[in-house]
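Participant: build me a model:
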Amino acid sequence: MTSGQNKIDPRTPILVGQAQVIQHQDHLESAAGPIELMSEAVREAFADAGVNNVGIKNSTAIDALRVVRSLSTRNTNPARDLASMLGISANEYGLTPHGGNMPQYLVNSAALQIRDDGAQMIVITGGESFRSRRRARAAQIMLPWMDIQDGAAPTALGEDLVMNHEIELAHKIMLPIEIYPMFETALRYRDKRTVADHQKHISELWSRFSEVAAINPHAWIQQIYTAESIRAPSQNNRMIGFPYTKLMNSNNDVDMAAALVMCSVERAEALGIARDKWIFLHAGTDCHEHNFVSHRHTFTDTPAIRIGGRRVLDLAEKSIDEIENIDLYSCFPSAVQLGAESLGVSLDRQLTCTGGLSFAGGPFNNYVMHAIATTMTRLRERPQETGLIWANGGYATKHAFGVYATTPHVHGFQHESPQNEVDELPRRAVATAIEAQGQATVEAYSVMHDRNGSVEKVRASVLLADGRRAWATSDDTQLGQEMCENEWVGKAVTLDATGDILV
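Facilitator: Prediction:
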């Protein structure tokens with residue numbers, strides 16, 4: 001394969017190993033922490049590549065060991081601690097900021113280093129033991145891995161964007177479970193669906209995701225849910241942020257880890273890694289929307305997804321219809337709808353390889369590493385096909401894309417960051433509560449519920465007559481209930497000087 005006219009550039013980056021680890025452990029004293037889960041995932045990823053522990057320790061120089069930031073470990077430098085547990089070393093120990101885009105970003109950046117900077121092998125991993133940590137804290141048990149582990153500072157990886165405008169923070173509007181439902185209500189209004197019809201629409205989409213998770217051996221929940229069971233509030237499926245029930249939210253209550261081994265073709269050949277293990281990254285892009293939701297033109301358009309997605313397909317010389325395997329980031333139904341529309345793909349297609357964050361599992365920043373690992377496995381089984389990953393962080397803010405195949409791109413790995421094109425887009429002005437006092441029109445909203453499933457408060461984005469966006473809130477539960485039953489996007493409301501909706 002690497003001789004004559006078929007010779008591959010030895011600097012070509014490839015993925016050669018992948019692994020996913022899931023821990024369903026009910027005995028807390030036996031529960032492994034995230035470093036242990038990541039350690040297991042790295043071992044299994046090397047085993048998947050056909051490289052044993054002796055090879056890792058003695059003959060394989062690892063240029064970098066990089067970890068996606070975890071919410072369930074307090075280790076200062078988890079990559080170094082992970083290396084110590086594995087008995088290996090690396091020239092760099094890296095740690096990302098928060099963001100669901102980070103796994104694909106790490107793959108893109110590693111591919112660039114292998115192609116351009118002489119790196120030979122980079123290992124990427126991430127993991128959470130959030131379920132065990134939560135249960136231990138509830139039981140007032142301190143597990144050994146829950147202690148702070150201080151160490152030398154890791155290498156900082158990726159851009160840590162500030163994503164909350166001071167006016168958003170002043171209204172205490174900052175949680176994804178508050179903001180993603182706003183995208184949903186705006187999409188519902190734009191598409192002229194009734195509340196009931198739209199609930200049916202998104203629950204049917206989510207039911208199809210659960211069908212994929214049901215046959216994914218690495219999914220956290222392997223069960224098919226009917227659309228009705230997803231949209232109907234119940235004791236086990238309470239409403240969280242209307243219009244989303246619990247089953248429409250990302251499931252972060254998981255213990256999961258994943259790992260990827262990347263190297264150059266030169267290193268793969270030196271290690272004797274079988275050719276049918278190789279997965280080529282044809283193209284990657286990274287970009288982000290305007291940092292603040294306050295500055296975006298509308299809740300129904302994500303131009304950075306459109307620009308970044310179009311560019312990665314152009315670089316890969318593929319149309320979206322030529323991609324057989326797609327995994328769109330799926331923290332909430334609105335994310336999938338925005339992603340699909342921006343990429344020009346129908347919601348009728350299967351848009352997940354894993355089953356999505358609600359069912360396959362949403363280990364905070366690391367879901368996409370599971371999506372990449374699953375896509376690698378699928379492409380090995382179907383070597384004539386290709387795959388596309390869209391990774392998302394923040395409030396549909398930060399995006400990373402990758403196109404994968406079992407054969408090399410004719411031009412080698414291609415990468416761009418079309419951020420300048422995104423930055424040139426107009427920014428909507430935002431008004432303070434005092435400036436917004438008076439009449440406004442509801443643009444998008446969410447209705448937050450308490451842990452008993454009762455209406456608690458309203459969060460809303462409103463537009464002023466001069467086109468500025470403002471933020472509004474209300475603790476009136478009667479108003480919140482009305483907003484759950486009827487359409488309030490497009491309605492005129494009156495705000496007081498604190499941003500409270502007057503009823």
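Participant: what bridges to the closest residue to Thr386 other than its chain neighbours?
Facilitator: What sits nearest to Thr386 in space, not counting adjacent residues and going by C-beta to C-beta, 6 or more residues apart in numbering, is Ala405, at 4.6 Å. Where C-beta positions appear, they are placed from N, C-alpha and C, glycine not excepted. With DSSP bridges applied, Ala405 shows beta-bridge pairing to Phe280, Thr386.
Participant: neighbours around Ala405, how many?
Facilitator: 20 (other C-beta atoms under 10 Å).
Participant: my guess is it contacts Phe280, does it?
Facilitator: Yes - with contact defined as C-beta atoms under 8 Å, Ala405 reaches Phe280; the gap is 5.4 Å.
Participant: where in the chain is pLDDT low?
Facilitator: 1-6, 53-60 (pLDDT under 70).
Participant: centroid-nearest residue for it?
Facilitator: By C-alpha atoms, centre = their mean, the mean C-alpha position of the chain lies nearest to Gly100, the distance being 3.3 Å.
Participant: Tyr367 is in contact with that one, correct?
Facilitator: Yes - between Gly100 and Tyr367 there is a contact under C-beta under 8 Å: 6.2 Å.
Participant: who touches both of those two?
Facilitator: Shared contacts of Gly100 and Tyr367, defined by C-beta atoms under 8 Å, 6 or more residues apart in numbering, comprise 329, 331.
Participant: the closest residue to Ala433 other than its chain neighbours: how many residues sit nearby?
Facilitator: Among residues not flanking Ala433 along the chain, Gly499 sits closest, at 3.7 Å (C-beta to C-beta, 6+ apart). Neighbour count for Gly499, taken as other C-beta under 10 Å: 24.
Participant: got it, and Asp423?
Facilitator: 12.
Participant: tell me the spacing between it and Gly393.
Facilitator: Separation of Asp423 from Gly393 (C-beta to C-beta, to the nearest Å): 17 Å.
Participant: so who does Ile372 touch?
Facilitator: By C-beta under 8 Å, 6+ apart, Ile372 lies in contact with 15, 18, 103-104, 107, 258, 260, 389, 402, 404.
Participant: helix or strand for it, which one?
Facilitator: Following DSSP states H and E, one finds Ile372 within helix 367-381.
Participant: residues of that helix that come out buried?
Facilitator: 367-379 (16 or more other C-beta atoms under 10 Å).
Participant: then it to CSV, C-alphas only?
Facilitator: As requested, the backbone C-alpha atoms of helix 367-381 are provided in CSV (Å, rounded to 0.1, in the frame of the first residue of the first chain):
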residue,chain,number,x,y,z
TYR,A,367,-19.0,13.0,24.5
VAL,A,368,-17.5,13.6,21.1
MET,A,369,-14.5,11.3,21.9
HIS,A,370,-17.0,8.5,22.2
ALA,A,371,-18.6,9.6,18.9
ILE,A,372,-15.2,9.6,17.2
ALA,A,373,-14.4,6.1,18.6
THR,A,374,-17.7,4.8,17.5
THR,A,375,-17.3,6.3,14.0
MET,A,376,-13.8,4.7,13.8
THR,A,377,-15.3,1.3,14.5
ARG,A,378,-18.1,1.8,12.0
LEU,A,379,-15.7,2.8,9.2
ARG,A,380,-13.5,-0.2,9.9
GLU,A,381,-16.6,-2.4,9.4
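Participant: now do the contacts for the spatially closest residue to Asn365 that is not a sequence neighbour.
Facilitator: Distances taken as C-beta to C-beta, 6+ apart place Val68 nearest to Asn365, at 5.0 Å, with adjacent residues excluded. Taking C-beta under 8 Å, 6+ apart, we find Val68 in contact with 96, 102-103, 106, 124-126, 365-366, 369.
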